[in-house]
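Undergrad: Sharing a model that was predicted from the sequence below.
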Amino acid sequence: MKPSTLVPTKEQLIGLFEQYKNEICTNDIPFISSLRNDALKSFADIGFPTQDIEEWKSTNLKNSLIPEYNFYFSPFEENVDVDKIFRCEIHNFETYLFTQLNGWYVYRHSPITELPNGVIVGSFASAMKSYPELFDKHYGKIANIGKNGLTALNTAFAQDGIFIFVPDNVSIEKPIQMVNIVNSNENLFIQPRNLIILGKNSKLTFVYCDDSIKHKNSFINACSEIFLDENAELDFYKMQNKDSLSTVITSTFYYQEKNSRLHSNTLTFNGGVIRNESHVALAGSGSDAKVYGLYLMDKEQHVDNQIYIDHIAPETTSYEQFKGIIDDNASAVFNGHIHVYRDAQKTQAFQSNKNILLTDTAHVSTKPFLEIYADDVKCSHGATVGQLDPEALFYLKSRGICDRNARMLLLYAFAGEIANKIAIDVLRERIDGMIVKRLKGELSICDQCVLHCKEKDIINFEIDMSKI
Amino acid sequence: MNLLEIINLKVSINNKKIIKGLDLIVNEGEIHAIMGPNGTGKSTLASVIAGRDVFEVTDGSVKYKGKDLLGLPVEDRSREGIFLGFQYPVEIPGVSMTNFMKTAVDEHRKYKGLPQLSASDFLKLMEEKKKMVEIHSNLTNRSVNEGFSGGEKKRNEIFQMAMLEPTLAILDETDSGLDIDALKIVANGVNKLRRKDNAFIIITHYQRLLDYIVPDFVHVLFEGRIAKSGGKELALELESKGYDWIKQEQENL
C-alpha cells in the first residue's frame, strides 16, 4: 500500500483521519471506533502541545513537526524476517522476544501467543478482536484524551502495538521483551498503542527497547495503558537509544490496585527529542510505585521526563529518582508532580532529581511540584544541578589516575546508582557496559539498538566492572 | 641529587600569603617531621607538593629527583612516586575501593611501562596490603571512604600508600583524631614501608606519633617559614615547652 505523505499539522491530520477512517477502524470493536471520534474531536480542540502550556514549557516540538512524514494504515513490509535486521545480543539474556517494525507488530508464527501458563502476548490489533471483554474493561480508561493532545492523537489513530495479559496468580520469571524497531528509508510517523494487564497476585518483567536503524526522520507518538490488579508486581525497563533525527513521545498510564508494586526504570542513551510522560494512579491502598530514570545526553539532544504520581488511596508510597548527565549543547527537563488526595493519609512520597552538566552550554530544567491535600503524609523532594566534585577529582588524580579516567569513575558512579536498581543481572551488566561506552562517547556513533552491539567486548575501560 | 629540594617557596591563596620563603631538602632514606601551630602553612606545603591547583606559587622552586615539580600534572606527580596522605580523605560514593585502586595501580604501571596486573594478582596484592594496615573488611563492595570511621579513613590512606609504594610520601596530620591503637597501626604501616630509597614527610601537631615513627629531622613551621630545625629531640622539646618560645625566638631575630 502507498503511504500518505504530509507535514503533520493539526488540519492535515484531521483530514487524514477522515480520509482513511475505514482503514484505521478495520479491526475495531465498536466502542473503540467511537473513542477514536471523541479523541479526534479532542485533538481538534487541543492540537499539538506548544510551549504556552506549563507542562511543555521546556520542550519544543516545532522542529519535529516541520518535515513531511509518511503514514501507513496497514503493515507495509510483509514477510519480513526481523531476525535478519535485529538480534538481541545480550549474552544469556533469556526473554520472550517480540518485535514491532515501523509501528507494526511482527507476527512471526501468529499474531497472538498464548504461553503455557495462560499469559497472552500479541498484537494489539488482533487482541482487540480476540479479547473484546478485556479491551472493554481497560482500553482507553486511563489514557486521558481530554487533556493531552498527543494522547488524543494516538487514541484516534492507534492501530497496533503490544498487548499483554497476565492472569491472576501467574508469575512469569522470564522477562517479556518488546523491541520497537524503526527501519525505513522514509520519514515515518508512528503511533504505537500498548495495553498491559496484570491480574491479581501476578508478576511480570517487561523490557521495552526503542531503537532505530536507519537515519531518517521519525516521529513516534506511543501510548501505553498498564493495569496492576491487587498485589500484582511489574518490573518495567525502558531503553531508548535513538538517532538524532528521532522524536519519541511516550505517554504511559499506570493504574494500581491495592498492594500492587510498580518498578519502572527508563534509560535514555540517545535521541533527538525525547519526552517520557508517566502517569501513575495509586488507586488502591498499600500500592507502591518506584520510578527511576537515567539520561545521558550530548550534542543537540533533548530529553524530557514528566512524572505524575497521584496518591489517591491511603498508605500509598512512591519513590522517584532520576539522574542525568548532560554534555555539549544537550538539554534535559525533569518535572515531578506528586498529588496527594485528601483521603490519601499516610502517604509517603519521595522524589529526587540530580544532574551533572559537563559544559556551559548544556542545560537542565528541573521542577519538583508537590500538591498535598492530606495532612498525615511524608513527602520530600530534592533537585540538584552541578558539576563534578573538584575535591573528589583531585583525590583520584592524586593517586595517579588521569583526568579523563577520574571523570569517568565519578560519572560512572553517578549513573551507576540508577543502573544498580536493575534486578536482572545480565541486563544490569549490559547497561553498565552501555553507560561506560556512552560516557566515553562511543555509543552515539552506534546506530544499532541499545542492546545490540556486535562487538560485545570492545568496551575497554581500564576497570572491568563486572569481574572484580 | 636531593630527592626533594624546595628553595625560597612562596605560596598564596586568594592573594593571601601563606608560605613566605620556605627551604627544605629531603633525601632518600630520611623521615622528616614538620610541626608547628595551626595556620602556619603545613597543609599548604603538602598540597603544593601534591599539586592542588587552588594555591598559587608566587616565587621559589620545588625540584623532585632533580626536575621541576611544579610543572607536572597531579597524576604524573603520583606516578613519579609522590603520595599525599590526606588530612581529610574525600568520600566518593559509587566508586568502589577496588575499581579505584585497580585504576590507580594500572595507570602507575602503564606509566612505568609495566604490563597490567591480572585481576587475581591485583586482588592478591590488595589482600597483602590490607593485612599490613589491618583492614579486615571487604573493600570490594565499599565506596571510597564512604561510611568509613575516622580511623578507617586514615588507615585507608596508609593502605593506598602501601598499594602505590611511593618514593616520597607526605602524611598530612594522619594521626589527628586517631586513638592509640589506630595510631600504632598507621605508624607500623609507615615503618614497614620505609626503605633506603624512599622518604617521608610527616606533618603532625603532636609528638605522640613520633614515638612510633622516629624522624631523622624535625622542622618547626612558623608563619610560612621553617623557623627551627633539629633532630628528634626537638619534637620532645616542643612537646614540653609548646611553640611560644619559638615565637619568642623569631621575634628576637
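TA: That came through fine.
Undergrad: what helix or strand does the residue in the stretch 51-200 of chain B that chain A sits nearest to sit in?
TA: The nearest approach of the stretch 51-200 of chain B to chain A comes at B:Gly94, 2.7 Å away (CB to the nearest CB). Yep, even glycine has a C-beta here, placed from its N, CA and C like the rest. Using DSSP states H and E, B:Gly94 sits in strand B:92-96.
Undergrad: helices or strands up against that strand?
TA: Of the remaining helices and strands, those touching strand B:92-96 by 3 or more CB pairs under 8 Å, 6 or more residues apart in numbering or on different chains; DSSP states H and E are helix A:390-397, helix A:403-419, strand B:143-144.
Undergrad: angle of it against helix A:403-419?
TA: 100 degrees (axes from the mean of the first three to the mean of the last three CA atoms, to 10 degrees).
Undergrad: which one is B:Leu238 nearest to, not counting chain neighbours?
TA: B:Met35 (5.9 Å; CB to CB, 6 or more residues apart in numbering or on different chains).
Undergrad: residues in contact with the one you found?
TA: B:Lys42, B:Ile203, B:Thr204, B:His205, B:Val218, B:His219, B:Val220, B:Leu221, B:Ala235, B:Leu238 (CB atoms under 8 Å, 6 or more residues apart in numbering or on different chains).
Undergrad: what bridges to A:Val333?
TA: A:Asp304, A:Ser365 (DSSP bridges).
Undergrad: isn't it right next to A:His363, touching?
TA: No - checked against CB atoms under 8 Å, the pair A:Val333 and A:His363 is beyond contact range at 9.0 Å.
Undergrad: Those two - which one has more neighbours?
TA: A:Val333 (23 against 18; other CB atoms under 10 Å in any protein chain shown).
Undergrad: measure the residue in the stretch 351-468 of chain A that chain B sits nearest to to B:Ser149 for me?
TA: Nearest to chain B, among the residues of the stretch 351-468 of chain A, is A:Ala413, at 2.7 Å (CB to the nearest CB). Look at A:Ala413 and B:Ser149: by CB to CB, to the nearest Å, they are 21 Å apart.
Undergrad: Kindly report the same for B:Leu4.
TA: Taken as CB to CB, the span from B:Leu4 to B:Ser149 is 32 Å.
Undergrad: of these two, who's got more company?
TA: Neighbour totals were compared for B:Leu4 and B:Ser149, and B:Leu4 leads with 23 against 10 (other CB under 10 Å).
Undergrad: Okay, and the beta partners of the more buried one?
TA: Applying DSSP bridges, one finds that B:Leu4 bridges with B:Val26, B:Tyr64.
Undergrad: ok, it touching B:Leu22?
TA: No - if you go by CB under 8 Å, B:Leu4 and B:Leu22 don't touch, sitting 11.9 Å apart.
Undergrad: can you list the residues of the stretch 101-250 of chain B near chain A?
TA: Contacts of the stretch 101-250 of chain B with chain A, taken as CB under 8 Å from any CB of the partner chain, map to B:101-104, B:106-108, B:111, B:119, B:122-123, B:140, B:143-144, B:160, B:164.
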